[in-house]
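**Student:** okay, here's the prediction I keep looking at, along with the sequence it came from:
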Amino acid sequence: MPEVTRKKDQTAAPRKPRADAERNRLRLLDTAKGAFAAKGPDVSLEDIAQSAGVGIGTLYRHFPNRDALIAAVYRNETEQLVQAARRLAEGHPPVVALRDWMLVFIDYIATKQGMYPALNSIGGGASDLYAASGTQIRDSIEMLANRAVASGEIRLDIDPLDLLRAVAAVANGSAGANGKEAATRLVEILVEGLRIKFGEEQADGHN
């Protein structure tokens with residue numbers, strides 16, 4: 001019996017490493033993000049697979065249809081934004097982490113803006129996607145803002161999400177690089193405006 005078992009093991013086809021499958025999935029998501037932004041929702045899935053360096057069968061194994069691929073691209077971008085918040089919180093001072101994450105958020109807005117036609121093409125709409133991402137983004141900005149307030153370096157008397165609403169409004173209001181530059185300047189202005197100056201801190205202490 002042991003000999004039969006060994007023979008079966010030797011003739012069995014080796015499994016493809018899971019790491020390869022994950023690399024293919026991430027490559028497809030990155031390629032699809034650029035393709036949907038540049039060419040719209042009707043870009044050929046075959047072209048996306050070819051540009052990603054995989055076969056169309058590999059694409060369909062990960063994403064059974066176009067809507068699934070579009071939704072996965074958006075979820076992946078949101079997850080990267082959330083991971084950036086955790087990473088910055090772990091490796092940077094609180095106020096720096098808050099500022100740097102808001103700068104990452106500008107890129108997220110640009111990606112979302114470029115994918116609007118694709119997202120709007122999803123059967124049944126993208127409202128569920130937006131609702132889920134909104135919760136994740138709110139949790140991230142609240143975590144970063146609360147850390148910055150707890151550090152004693154800033155004071156925040158508004159909903160932390162209002163910071164992102166202001167940045168998104170500027171980023172969406174101007175086209176191309178100008179919108180990004182304007183939003184980047186706004187982040188610096190907002191963070192500087194939130195800082196507690198030494199004189200103000202002393203005055204508050206006497207009140």
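**Tutor:** Structure's in. What do you need? Residues are numbered from 1 along each chain as shown.

**Student:** contacts only, for residue 47.
**Tutor:** residue 35 (Cβ atoms under 8 Å, 6 or more residues apart in numbering). Any C-beta I mention is one placed from the backbone N, CA and C, and that applies to glycine too.

**Student:** helix/strand/coil for it?
**Tutor:** helix (DSSP: H, G, I helix; E, B strand; the rest coil).

**Student:** I'd like the distance between it and residue 94.
**Tutor:** Applying Cβ to Cβ, to the nearest Å, the value for residue 47 to residue 94 is 44 Å.

**Student:** where does residue 18 land on pLDDT?
**Tutor:** Looking at residue 18, its pLDDT stands at 78.

**Student:** right, I mislabeled it, should have said residue 172
**Tutor:** 80.

**Student:** what about the closest residue in space to residue 191 that isn't next to it in sequence, how many residues nearby?
**Tutor:** Leaving aside its chain neighbours, residue 191 sits nearest to residue 99 (4.6 Å; criterion: Cβ to Cβ, 6 or more residues apart in numbering). Neighbour count of residue 99, defined by other Cβ atoms under 10 Å: 20.

**Student:** helix or strand for residue 99, which one?
**Tutor:** helix 94-114 (DSSP states H and E).

**Student:** now residue 93. Its backbone dihedrals?
**Tutor:** Dihedral pair for residue 93: phi -60, psi 150, per degrees, to the nearest 10.

**Student:** ok, it touching residue 151?
**Tutor:** Yes - using Cβ atoms under 8 Å, residue 93 is in contact with residue 151, at 7.3 Å.

**Student:** show me where this structure has helices.
**Tutor:** If DSSP state H is used as the criterion, the helices of the chain fall at 2-11, 18-39, 45-52, 56-62, 66-91, 94-114, 116-120, 127-150, 160-173, 176-194, 198-206.

**Student:** I'd like the average pLDDT over the third one.
**Tutor:** Going back to what we said before, that points to helix 45-52. Rounded mean pLDDT across helix 45-52 is 96.

**Student:** next, the angle from that helix to helix 66-91.
**Tutor:** For helix 45-52 against helix 66-91, the angle by axes from the mean of the first three to the mean of the last three Cα atoms, to 10 degrees is 40 degrees.

**Student:** residue 184 reaches residue 104, doesn't it?
**Tutor:** No - counting by Cβ under 8 Å, residue 184 stays clear of residue 104, with 11.1 Å between them.

**Student:** report the separation between residue 161 and residue 59.
**Tutor:** 36 Å.

**Student:** more neighbours: the two, which one.
**Tutor:** Legend: neighbour count by other Cβ under 10 Å for residue 161 and residue 59, higher for residue 59 (22 against 14).

**Student:** so what's the nearest residue to residue 148 once chain neighbours are set aside scoring on pLDDT?
**Tutor:** Spatially, and ignoring its direct neighbours in sequence, residue 148 is nearest to residue 94 (4.2 Å; Cβ to Cβ, 6+ apart). Here the pLDDT value assigned to residue 94 is 96.
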